[in-house]
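Peer 1: This is a predicted model, with the sequence first.
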Amino acid sequence: MVESMTAPLPIPTLETARLILRGPVMGDAQPWVDFVETDRAEFVGGPNLGLAKGWRGFAHAAGMWMLRGYGSFVFALKSDPGTPLGMTGPWHPLDWPEKELGWTIWSAAAEGKGEAATAARRFAYDRLGWTTAVSYIDARNTRSIALADRLGCTLDPQAEAPATEADRPILVYRHPAPEALA
């Protein structure tokens, strides 16, 4: 299925009061691989993925920009832009039922703010024209559920969740509509 034959737009850079959100670059690959080696990566296929699988996961995330024209932003503090803290952004693999706003927080110190995910959601609504978004969250991932709650998301038991290799229950959290955030 060919959706478009046009080249993707350049990856924008977003800013919040404290953060910069930018496209992934090669220098982010090793911090990602380091992250997927830890227990923090339990809900994204880790831990202990190793270099080969870690690299493939990072390339998958980066490639979404080329193939879809959107994808996850790497975010960092403005005061330390070379140290990535995680990724967040619009996400939609071909076999997933809906467009998702996803996140991975690579550093425990960066957890719990919601600032990067809020900026990425605004990008999806304002720049991509999305009218809805979900976040697919493993039912055991209490940290991501707490972030979804902080973002004003509500559990949507009627929504279809994507199939996963892990065969674990996935919850679907629906983000507030763009007009509810205005």
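Peer 2: Arrived safely. Numbering: from 1, shown residues only.

Peer 1: so what's Pro81 scoring on pLDDT?
Peer 2: Listed pLDDT for Pro81 reads 91.

Peer 1: Quick check: nearest residue in space to it, chain neighbours excluded?
Peer 2: Computed as Cβ to Cβ, 6 or more residues apart in numbering, the closest residue to Pro81 that is not its neighbour in sequence is Ile20, at 5.4 Å. Where you see a C-beta, it was placed from the backbone N, CA and C, and this is true even at glycine.

Peer 1: how close does the one you found get to Thr118?
Peer 2: Distance of Ile20 to Thr118, given as Cβ to Cβ, to the nearest Å: 14 Å.

Peer 1: who's in contact with Leu85?
Peer 2: Each residue near Leu85 by Cβ atoms under 8 Å, 6 or more residues apart in numbering is listed here: Leu19, Phe75, Ala76, Leu77, Ile105, Trp106, Ser107, Ala109, Ala110, Ala116.

Peer 1: Is Leu77 in contact with Leu21, as I believe?
Peer 2: No: assessed by Cβ atoms under 8 Å, Leu77 is found out of contact with Leu21, at 11.2 Å.

Peer 1: for the helix ranked longest in the chain, what is the average pLDDT?
Peer 2: Longest helix in the chain by number of residues (criterion: DSSP state H): helix 50-68. Helix 50-68 shows a mean pLDDT of 87 in the predicted model.

Peer 1: Moving C-terminal from it, which element do we reach first?
Peer 2: Following helix 50-68 in sequence order, the next helix or strand is strand 73-77 (DSSP states H and E).

Peer 1: Show the subsequent helix or strand relative to that next one.
Peer 2: With elements assigned by DSSP H and E, the helix or strand that comes after strand 73-77 is strand 86-91.

Peer 1: what residues does the next helix or strand after that following strand touch?
Peer 2: Once the chain leaves strand 86-91, the next helix or strand it forms, by DSSP H and E, is strand 100-105. In this structure, residues lying in contact with strand 100-105 by Cβ under 8 Å, 6+ apart are 35, 40-41, 44, 72, 85-92, 111, 116-117, 120-121, 124, 133-136, 143-144, 147, 175.

Peer 1: Can I get the host helix or strand of Asp149 in CSV, CA atoms only?
Peer 2: Here Asp149, judged by DSSP H and E, is contained in helix 142-150. Output of helix 142-150 as CSV, limited to C-alpha atoms (Å, rounded to 0.1, in the frame of the first residue of the first chain):
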residue,chain,number,x,y,z
THR,A,142,2.6,2.1,36.3
ARG,A,143,5.0,4.9,35.4
SER,A,144,3.5,5.3,31.9
ILE,A,145,0.0,5.0,33.3
ALA,A,146,0.8,7.9,35.7
LEU,A,147,2.1,10.0,32.9
ALA,A,148,-1.0,9.3,30.8
ASP,A,149,-3.1,10.4,33.7
ARG,A,150,-1.0,13.6,34.1
